[in-house]
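1. sequence first, predicted model second:
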Amino acid sequence: SCVFTDSFHGAVFSLKFKRRFVAYYSDFTRASRLIDLQNKFCLNKNIISQRRQLEHLSASDMEVPGSVCESMAHLKHESEKFLINNL
């Protein structure tokens with residue numbers, strides 16, 4: 001019912017397939033991609049750095065916000081447009 005991962009790819013696939021998720025990072029040397037994802041899509045409840053933050057999350061907090069889907073669609077469109085114009 002929910003994906004719990006410490007993987008960037010796990011977080012991205014959760015977003016892509018609109019699955020509830022929480023991504024956790026404790027090793028700051030590997031956290032940069034998750035932090036970038038968190039900042040880019042405002043995923044402050046989905047991407048956490050401390051386990052104790054889990055205690056305060058509900059199932060609805062783990063939902064993928066609708067704004068993320070819109071942002072991803074926009075980024076996909078911009079990427080396709082870039083490829084068409086430059087290839």
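-> Yep, it's here.
2. you'd agree N46 is up against R19?
-> No. Using C-beta atoms under 8 Å as the test, N46 is too far from R19 to be in contact (10.6 Å). Where you see a C-beta, it was placed from the backbone N, CA and C, and this is true even at glycine.
3. what about these two, which has more around it?
-> Using other C-beta atoms under 10 Å as the criterion, N46 and R19 rank with N46 on top: 25 against 15.
4. quick one: contacts for that one?
-> Counting by C-beta atoms under 8 Å, 6 or more residues apart in numbering, N46 touches A11, F21, V22, A23, Q38, D61, M62, V64.
5. buried only: go through those residues for me.
-> A11, F21, V22, A23, Q38, M62, V64 (16 or more other C-beta atoms under 10 Å).
6. which residues are common contacts for N46 and R19?
-> Common neighbours of N46 and R19 (C-beta under 8 Å, 6+ apart) are V64.
7. show the pLDDT at F82.
-> For F82, the pLDDT comes out at 97.
8. what packs against the helix or strand hosting it?
-> Following DSSP states H and E, the helix or strand that holds F82 is helix 66-86. Under the contact criterion of 3 or more C-beta pairs under 8 Å, 6 or more residues apart in numbering; DSSP states H and E, helix 66-86 touches helix 8-16, helix 32-41.
9. how close does the nearest residue to R51 once chain neighbours are set aside sit to T5?
-> Distances taken as C-beta to C-beta, 6 or more residues apart in numbering place Y24 nearest to R51, at 6.9 Å, with adjacent residues excluded. Distance, Y24 to T5, using C-beta to C-beta, to the nearest Å: 7 Å.
10. go on, F17?
-> Taken as C-beta to C-beta, the span from F17 to T5 is 13 Å.
11. ok, what's across the strand from the residue nearest to R51?
-> I48 (DSSP bridges).
12. show me what contacts it?
-> Y24 touches F4, T5, D6, I47, I48, S49, R51, L54, counting by C-beta under 8 Å, 6+ apart.
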